[in-house]
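*Asks:* got a structure for you, letters missing:
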């Protein structure tokens, strides 16, 4: 898992046959909203319904959708606690990958707490993201305050 690799937003990697993936994307403005974490989860849940992830026909599909909702909660909560609050959530989906992007104005660098101590309260957010995601990282735009923290999860088979 990477926190330093530059990974442009929306780049889900090459398709094996060279064809561009069909992508769907949704954006939610979060700046100044109240109840931000439940709002972000509900927004993402609606997208998962619209994209056919929910209702899931299998236990694997249900687990994949719950993982997405947990990662959204962790990324948005981290922006609330450590980065002056989230400004935007983007949820994008291809047939292979679902990508979550949370943009904030914070200057910090998210990272899993090391060493991870499972029995202690707090500090588990980025460890959870790292464990559930295919990859994750941070994108910064030079001259612009803040960053975008992104995470990618595999679509259910």
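*Replies:* Here it is on my side, so go on. Because the structure is predicted, anything quoted here is derived from the model rather than measured.
*Asks:* residue ranges for the strands of this structure, please.
*Replies:* Ranges of strands in the chain, per DSSP state E, are 24-29, 86-93, 97-104, 135-139, 147-154.
*Asks:* which residues sit in contact with the closest residue in space to residue 53 that isn't next to it in sequence?
*Replies:* Counting by CB to CB, 6 or more residues apart in numbering, the nearest residue to residue 53 once its immediate chain neighbours are dropped is residue 65, at 5.0 Å. C-beta here means a position set from N, CA and C on the backbone, and glycine is covered the same way. Shown in contact with residue 65 (CB atoms under 8 Å, 6 or more residues apart in numbering): 45, 48, 53, 54, 56, 156.
*Asks:* for residue 26, same thing?
*Replies:* 43, 47, 90, 91, 92.
*Asks:* at 6 Å instead, please
*Replies:* 47, 91 (CB atoms under 6 Å, 6 or more residues apart in numbering).
*Asks:* If you average pLDDT per helix and strand, which one of this protein comes out bottom?
*Replies:* One helix or strand of the chain scores below all others by mean pLDDT, DSSP states H and E: helix 125-132, with a mean of 89.
*Asks:* Can you give me the buried ones in it?
*Replies:* 125, 126, 127, 128, 129, 130, 132 (16 or more other CB atoms under 10 Å).
*Asks:* most centrally placed residue in this protein?
*Replies:* Note on the chain: the residue nearest the mean C-alpha position is residue 100, at 3.0 Å, using CA atoms, centre = their mean.
*Asks:* For that one, which non-adjacent residue is closest in space?
*Replies:* Of all residues not flanking residue 100 in the chain, residue 151 sits nearest, at 5.0 Å (CB to CB, 6+ apart).
*Asks:* what ranges of this structure fall below the confidence cut-off?
*Replies:* 1-22, 111-123 (pLDDT under 70).
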